[in-house]
Every structure is written in C-alpha cells, then in structure tokens.
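Participant: give the three-dimensional model of this entry:
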Amino acid sequence: MNNFTYSIPTVIHFGRGQLHHLSELKQSGSRVLLVYGGGSIKRSGLYDEAVKILTDSGLSITELSGVEPNPRIESVRRGAELCKANNIDMVLAIGGGSTIDCAKVVAAGACYDGDPWELVLDGSKIKAALPVYSVLTLSATGSEMDKYAVISDLSKNEKWGTGSDLVKPVMSVLDPTYTFTVSPKQTAAGTADMMSHTFENYFTNVRGAELQGNLCEAVLKTCIKYGPIALAEPENYDARANLMWAGSLAINGLLKGGAEVGWCVHPMEHELSAFYDITHGEGLAILTPVWMRFVLKNYPSKTAQLASYGRNVWNLSGEDSEVANKAVEKTAEFFFDTMKMPANLRAVGITEKVHFEEMAEKAAAGCEDSFVPLTKEDIISIFDAAF
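Facilitator: Okay, the predicted model is just below:
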C-alpha cells in the first residue's frame, strides 16, 4: 500500500429534511450566488424552499441558471463575472454533478484575474476560491464531496477535468427524496457513473491494498442491488439513499488512498462527450465492458484481478479465465439489459468514426499510468469495438 494523505473537510447533512442547514451559509458572508440547471428544482418546489431559507437567514441571492448537463466554460465565465460584479461571498449549487462542477470553477474563477478556462487546463493555478456549498439532486458524480470538476469547451471539442482542495464543498445537503423524480435514463446513467468511478479505483497495480479493494466491492454490490430497485420503484427511499451515499464514497478519496492508479475509461469517455455531447454515464457504460475485454485479450497477467471481481462481486466460481470472462458479460448485462442503457455508440447517436483518431490521441495522454497502459492505437480499437 502506498503512503497517502486523506482529508475531506466537507460536512454532510444526509437524510430527509436537511435543507434547513442552508441557514449555515451565513457563516461565509451575506451574498450568495445560487447556481442551478434547467429548472427542475423550480417544478419540484426545492427552489422556493431553498430561497426562503436563504432570505430568512439574511442572505441576498444572485442567480446563475441554465447550467448544462456537460457544463460549458461559457456558464463558468458568466458565473465568475456575476461573482465579481456583485461582490459574492459564497457559491451554492443546487443540482447534480454538472451544476456542482460549474459552481466549483465559478468559485475559483471569481478569485482569478484571467480566463477561468486556464483553471480548467491547470488546476494548480487555483490559488483561492469562494466557499462552495451544494444541495445534491442527482446521485452520480460525487462532486458534492470531492475536489474535482469537469468542464467542456465545445467550440474546441475539449472536455477536461480540473481539481483543487480549495473547491471542496464546505457543506453538502444529501436528501435522497430529492432524487425521487430523477428519470430512468439519468438514474441508470448515474449508477453507471459511480460504478465507473469505483472500477477506476478498484483495478489498481498497487499491491497490499486489500481494504481499498473490499470497499470498492461493497460499493459495486450496492449499486448492483439498488440500481434496479430505483428504476422499478423511483420513490424507494432505501434504494435512493444507498445509491446517493455510494456515489459520494466512490470518488471522495476513500477508495483511492494508498492504491492510486491512473484512470483510463473516463479520459476516453470525456472525448466522446467533448465531440458528441452524449450523456456521461451512458458513455462510461458502453466503454467499460469493451475495455475489460481489451484487458483480458491483451494482458493475460490481469486475468486474476478480473476473476477476483467476478468472484467477490458477482459470486461466480470456476477457473480464473472462465470467471473473468463471465464477470465482463455480467457487467454488460447489468448495464444494457437490467438498467436498459444503450449498448453501443450508434445507440447514442454516434454514427461515424471520423473523430476517433483525434479523440484517441487526446485520451492517450491520460492513460499511460492506468491499470494497463493504453496507446492511441489501443484506444482507437476500443472505440471501434464500442461502435
């Protein structure tokens, strides 16, 4: 196991009726930028409830609405300008991971003299940020409890992740009832996203990190159990609660610390989203089984680790090769049959391969230190197999 430092300063208020904790934002000042997406929080009544708590607490509100599912740098720029023009003291995101990601870079951009895109390209340039708070309405990215944000510039077909301890949320409200109205598509995509985060941590080259592996398996089994229940029973509190907490734990550093490994499926999917603006979780679901098959075909030394996944998560038995291959098929069946997700790139509207080479070249830069190193040619073959 590697040496590591673990620090998550985010205060989590989990469960029903926790929104009243928004009154605690006054500890950061009196002027808040409220960041949200398309308007579902207004239809559900969450917007009115949050605004009342904030105003009753003496906070003045400036709004940044319309944040996109793959948040754009244009929205970040607007938010940073609003912060500077209105002397904003803190940023509150109400929504899913995209909204929270946008809020994080807005908070950093408000304290930066240059273009916020520079902070996306190089997180080390984040030297200060306004306090970030969040109310989560979609279980998926874990952004409510980590330091990361992913922002797109579709004019350049670029989607990059950035990160800084300075943008870790001060406090997040996690009320599973706010996810009751999440659509089947987004419920499935969110489950795939948190499973992918877990896979990226689980398949590591670090020896001796047994506890981290056991924790990963627990998160995966939780998603496999409760994802289908949430689809069938959208208002099943236990299903929504378990998925919500699994999403936070999948990427808040708990699974990674001491077993660090470079991620590879996420960089590949970011290219798909950058060029085609597809749903992130759907892209991850499509790529994950294909990547697993690539590993088994080209790196037989990794078969034992995929077999362990099959035994410990899917309760399979047999020889390593048999179990590893069955585990891949079980994963594909879960995503595409049980969770009803699109099974290939054509199913999400990608009908040509013209950008595959450019996408693979960009993605390869982040896949050198992953579970198995991926070259540009390797990634093209994975895109082709997923097509």
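Participant: the stretch 51-200 of the chain: helices as residue ranges?
Facilitator: For the stretch 51-200 of the chain, applying DSSP state H, counting those that start in this stretch gives helices covering 73-85, 97-109, 117-121, 184-202.
Participant: return the most buried member of these.
Facilitator: Each of the helices of the stretch 51-200 of the chain was scored by mean neighbour count; the highest is helix 97-109, a mean of 31, by mean count of other C-beta atoms under 10 Å. Using the backbone N, CA and C atoms, a C-beta is placed for each residue, glycine as well.
Participant: quick one: the closest residue to Ser57 other than its chain neighbours and Tyr133, what's the gap?
Facilitator: Nearest non-adjacent residue to Ser57, counting by C-beta to C-beta, 6 or more residues apart in numbering: Ser23, 4.3 Å away. As for Ser23, its distance to Tyr133 is 11 Å (criterion: C-beta to C-beta, to the nearest Å).
Participant: check the residue nearest to Ser57 and give its pLDDT.
Facilitator: With respect to pLDDT, Ser23 scores 98.
Participant: how about the helices of the stretch 51-200 of the chain in TSV, adding mean pLDDT and distance to Tyr237?
Facilitator: Below are the helices of the stretch 51-200 of the chain laid out as TSV (pLDDT from 0 to 100; distance: least, C-beta to C-beta, whole Å):
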stretch	mean pLDDT	distance to Tyr237
helix 73-85	98	32
helix 97-109	97	21
helix 117-121	98	37
helix 184-202	98	14
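Participant: dump the ones you listed into JSON lines; add distance to Val290 as well.
Facilitator: Shown next, in JSON lines, are the helices of the stretch 51-200 of the chain (distance: least, C-beta to C-beta, whole Å):
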{"stretch": "helix 73-85", "distance to Val290": "30"}
{"stretch": "helix 97-109", "distance to Val290": "24"}
{"stretch": "helix 117-121", "distance to Val290": "28"}
{"stretch": "helix 184-202", "distance to Val290": "13"}
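Participant: for Gly227, which of the ones you listed is the nearest?
Facilitator: Nearest of the helices of the stretch 51-200 of the chain to Gly227, taken as C-beta to C-beta: helix 184-202 at 4.0 Å.
Participant: for the next helix or strand after the closest one, give me every contacting residue.
Facilitator: Using DSSP states H and E, the helix or strand that follows helix 184-202 towards the C-terminus is helix 210-232. Helix 210-232 has contacts (C-beta atoms under 8 Å, 6 or more residues apart in numbering) with 1, 184, 187-188, 191, 194-195, 198-199, 201-202, 204, 236, 238-240, 242-243, 246, 249-250, 254-259, 308-309, 312-313, 334, 338-340.
Participant: kindly recompute the last result at 6 Å.
Facilitator: 184, 187, 191, 195, 198, 201-202, 236, 239-240, 242-243, 246, 249-250, 255, 259, 312-313, 338-339 (C-beta atoms under 6 Å, 6 or more residues apart in numbering).
Participant: for this structure, what helix or strand is lowest in average pLDDT?
Facilitator: Lowest by mean pLDDT, DSSP states H and E among the helices and strands of the chain is helix 40-43, with a mean of 92.
Participant: can you mark which positions in it are buried?
Facilitator: 40-41 (16 or more other C-beta atoms under 10 Å).
Participant: how many residues are close by the residue nearest to Ser57?
Facilitator: 14 (other C-beta atoms under 10 Å).
Participant: for it, helix, strand, or coil?
Facilitator: Classification of Ser23 by DSSP: H, G, I helix; E, B strand; the rest coil places it in helix.
Participant: tell me how many other residues surround the closest residue to Trp291 other than its chain neighbours.
Facilitator: Closest residue in space to Trp291, ignoring its immediate chain neighbours: Val265 at 5.4 Å, by C-beta to C-beta, 6+ apart. Using other C-beta under 10 Å, Val265 is surrounded by 27 other residues.
Participant: where does Val265 land on pLDDT?
Facilitator: 97.
Participant: so for stretch 368-377, what's the average pLDDT?
Facilitator: Stretch 368-377 comes out at a mean pLDDT of 94.
Participant: pull out the buried residues from it.
Facilitator: Using 16+ other C-beta under 10 Å as the test for burial, stretch 368-377 gives 370-372, 374, 376.
Participant: quote the end-to-end distance of that stretch.
Facilitator: 13 Å (C-alpha to C-alpha, to the nearest Å).
Participant: ok so, going back, which of the buried residues of stretch 368-377 sit farthest apart?
Facilitator: The most distant members of the buried residues of stretch 368-377, if one measures by C-beta to C-beta, are Phe371 and Lys376, lying 17.6 Å apart.
Participant: before we move on, back to that, which ones are touching the residue nearest to Trp291?
Facilitator: Going by C-beta under 6 Å, 6+ apart, Val265 touches 196, 287-288, 291.
Participant: any idea how many residues pack against Ala128?
Facilitator: As a burial measure, Ala128 scores 11 neighbours (other C-beta under 10 Å).
Participant: give me the pLDDT value at it.
Facilitator: The per-residue pLDDT reported for Ala128 equals 98.
Participant: the one 10 residues further on now?
Facilitator: pLDDT recorded at Leu138 is 96.
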